[in-house]
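Peer 1: No letters, just coordinates:
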């Protein structure tokens, strides 16, 4: 299956080993155009968990000192490699995306920029690491995603919202 999903749609693909290669490729592209700590860039989300089905969108976490003070040229440089800031308003992160083409209809990557000292940074890594090291939780999450996919294939916001309780349970109990 190719990388990318149209806005609002839910697609589940079997795990692809190429997702790791794609993450590494885009990480290197980012590092070539902006100055960042390479150790603060992480592959997160279901595409980072071997064996787990996922929406074929690569999620990348970037931890910085203060995302609110990133200069405008930082975002201009990312545009040169096809990464655009979205109009998503969140209190704890800046969200950017890479698209399949210039029609901007199909997201292939989401880049989440958060403060390294922030709870969100820690929680995103904690959830990923827990699923990597606990096959029972990984299987449970797989079943939940499959169930929600059958219910909300055309409603990505609802699909994502319905996964939140499971994610919070892992984060709060770990």
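Peer 2: Structure's in. What do you need? Keep in mind that what you see is a predicted model, and the values were worked out from it rather than measured. Numbers count the residues shown, from 1 in each chain.
Peer 1: From here on, just use CA atoms for contacts and neighbour counts.
Peer 2: Noted.
Peer 1: packing partners for the helix or strand containing residue 168?
Peer 2: Residue 168 belongs to helix 156-173 when elements are defined using DSSP states H and E. Counting contacts by 3 or more CA pairs under 8 Å, 6 or more residues apart in numbering; DSSP states H and E, helix 156-173 packs against helix 119-133, helix 135-152.
Peer 1: what angle sits between that helix and helix 119-133?
Peer 2: 80 degrees (axes from the mean of the first three to the mean of the last three CA atoms, to 10 degrees).
Peer 1: Identify each buried residue in helix 156-173, please.
Peer 2: 156, 159, 170, 171 (16 or more other CA atoms under 10 Å).
Peer 1: about what we covered before: identify whichever of the helices and strands packed on helix 156-173 lies nearest to residue 41.
Peer 2: With distances scored as CA to CA, the stretch of the helices and strands packed on helix 156-173 nearest to residue 41 is helix 119-133 (10.5 Å).
Peer 1: what sits up against the helix or strand hosting residue 24?
Peer 2: Secondary structure from DSSP H and E places residue 24 in helix 18-33. Identification of contacts with helix 18-33 by CA atoms under 8 Å, 6 or more residues apart in numbering yields 38, 41, 43, 47, 48, 58, 60, 77, 78, 81.
Peer 1: mind listing which of these are in strands?
Peer 2: Under the assignment DSSP state E, those contribute 41, 43, 58, 60 to strands.
Peer 1: Can you tell me the centre-most residue of the chain?
Peer 2: The residue lying closest to the centre of the chain (CA atoms, centre = their mean) is residue 59, at 2.2 Å.
Peer 1: Next, the contact list for that one, please.
Peer 2: Counted by CA under 8 Å, 6+ apart, residue 59 has contacts 43, 44, 45, 47, 109, 110, 111, 112.
Peer 1: and the lowest-mean-pLDDT helix or strand in the chain, what does it pack onto?
Peer 2: In the chain, no helix or strand scores lower on mean pLDDT, DSSP states H and E than strand 5-6, which sits at a mean of 82. In this structure, strand 5-6 makes packing contacts with strand 106-115, judged by 3+ CA pairs under 8 Å, 6+ apart.
Peer 1: In a helix, residue 87, correct?
Peer 2: No: counting by DSSP: H, G, I helix; E, B strand; the rest coil, residue 87 falls outside a helix, being coil.
Peer 1: give me the number of residues near the nearest residue to residue 166 once chain neighbours are set aside?
Peer 2: Spatial nearest neighbour of residue 166, chain neighbours left out: residue 141 (7.6 Å); criterion: CA to CA, 6 or more residues apart in numbering. Residue 141 has 19 neighbouring residues, counting by other CA atoms under 10 Å.
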